[in-house]
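Participant: Whatever this is, show me its structure:
(one chain, ligands or ions: 1)
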Amino acid sequence: MTNDAGAPQAGAGASEVVDTPQADAVSCTRLAYEFGETRAVDDLELSVAQGEVFGLLGPNGAGKTTAIRCITTLLPVPAGMVRVFGHDAAKERMAVRRLLGYVPQQLSADAGLTGRENVALFARVFDVSRRGRGERVAQALAAVDLTDAADRLAGTYSGGMVRRLELAQALVSAPRLLILDEPTIGLDPIARTGVWEHINAVRDATGMTVLVTTHYMDEADQYCDRVGLMHRGRIRALGTPAELRQGLAERRGTDTLPTLEDVFRDVAGSGLDEKSGDFRDVRSTRRTAHRVG
Ligand SMILES: Nc1ncnc2c1ncn2[C@@H]1O[C@H](COP(=O)(O)OP(=O)(O)OP(=O)(O)O)[C@@H](O)[C@H]1O
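Facilitator: Predicted structure coming up:
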């Protein structure tokens with residue numbers, strides 16, 4: 001185990017998890033987070049294995065963003081434990097931050113800078129060494145197919161291009177874990193597919209782990225190795241999309257394979273629409289395609 005300065009840490013107990021190939025990329029144990037009276041994350045248990053694309057699914061208010069923000073160290077861990085490749089997110093915040101790239105829901109690109117300047121800014125913030133920085137920036141832009149548009153102002157980009165630019169910003173530090181909060185919300189189907197194809201291509205090339213939140217059950221079904229269905233602060237069902245769909249078909253005694261959304265409705269029950277909003281409501285109320293410009 002290392003401390004935030006990267007030096008060996010004295011006194012690491014024998015029972016502590018260390019950064020080995022066997023360590024989970026993300027491990028949350030009884031993670032809880034409250035905003036006043038609201039228990040946003042409720043004793044969350046979550047493990048993401050190294051190299052997998054894991055989808056954290058759930059409707060508005062399920063607690064996905066709060067959990068993600070604890071994992072990225074942007075929020076403290078008031079109760080429970082969060083580890084990233086074995087590093088304790090509460091005690092080794094800098095070590096954790098160095099391992100991950102994060103694309104938040106909020107716009108993280110500057111409309112007044114070119115694509116290249118935006119990515120270069122992130123390279124400086126994430127301490128990518130000056131030597132070779134230009135090449136790393138160019139590689140990150142190429143990985144998301146923005147080489148030709150790299151020297152245009154981001155304010156002229158389409159919604160899909162902005163999302164890919166934000167992906168390049170997160171990739172420039174060569175993270176081992178990429179965390180994306182609603183990466184495709186508000187994009188048209190072609191742009192959504194484009195974002196996923198680039199995520200997958202980088203994952204295939206680097207073996208990076210991907211943790212993604214989404215409301216889009218169809219995307220999770222198609223692109224995630226495993227999914228966790230989150231509702232009211234907890235994971236209510238966990239498995240590969242095929243396992244979850246098959247499981248519901250067996251419970252219902254039907255040959256017709258249900259959708260992942262059917263699975264979610266089954267595990268979340270009638271409370272889904274009353275308290276947390278419907279998936280379609282969320283889609284129609286949140287539009288980010290024109291976030292820049
Ligand atoms: N800063 C805050 N102050 C007070 N309550 C908050 C705050 N952020 C989130 N919450 C509440 O915590 C709960 C979980 O919210 P969170 O944003 O984590 O859910 P989510 O699943 O990410 O939803 P969304 O899909 O809308 O982003 C909700 O009830 C929300 O209203």
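Participant: Flag every residue of the stretch 1-150 of the chain that's near the ligand.
Facilitator: 35, 38, 40, 58, 60, 61, 62, 63, 64, 65, 66 (CB under 6 Å from any ligand atom). Just so you know, the C-beta spots here come from the backbone N, C-alpha and C atoms, and that holds for glycine as well.
Participant: Which residues are in contact with the closest residue in space to residue 52 that isn't next to it in sequence?
Facilitator: Spatial nearest neighbour of residue 52, chain neighbours left out: residue 225 (4.4 Å); criterion: CB to CB, 6 or more residues apart in numbering. Applying CB atoms under 8 Å, 6 or more residues apart in numbering, we find residue 225 in contact with 52, 53, 54, 240.
Participant: give me phi/psi at the second one?
Facilitator: The one in question is residue 53. Dihedral pair for residue 53: phi -100, psi 110, per degrees, to the nearest 10.
Participant: Next, count neighbours for it.
Facilitator: 21 (other CB atoms under 10 Å).
Participant: got a list of contacts for the helix or strand hosting residue 195?
Facilitator: Element membership of residue 195, judged by DSSP states H and E, is helix 189-206. Identification of contacts with helix 189-206 by CB under 8 Å, 6+ apart yields 51, 53, 143-145, 158-160, 163-164, 167, 171, 174, 178, 180, 183-184, 187, 208, 210, 212, 216, 219, 222-223, 289.
Participant: okay, the helix or strand that that helix is followed by in PDB with CA atoms only?
Facilitator: Using DSSP H and E, the next helix or strand after helix 189-206 towards the C-terminus is strand 209-214. C-alpha atoms of strand 209-214 as PDB (Å, rounded to 0.1, in the frame of the first residue of the first chain):
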ATOM      1  CA  THR A 209     -12.200  -0.400 -15.900                       C
ATOM      2  CA  VAL A 210     -15.400   1.600 -16.700                       C
ATOM      3  CA  LEU A 211     -18.100   2.600 -14.200                       C
ATOM      4  CA  VAL A 212     -21.000   4.300 -15.800                       C
ATOM      5  CA  THR A 213     -24.300   5.600 -14.500                       C
ATOM      6  CA  THR A 214     -27.200   5.700 -16.900                       C
END
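Participant: quick one: strand 209-214 to helix 189-206, angle?
Facilitator: Orientation of strand 209-214 against helix 189-206 (axes from the mean of the first three to the mean of the last three CA atoms, to 10 degrees) gives an angle of 160 degrees.
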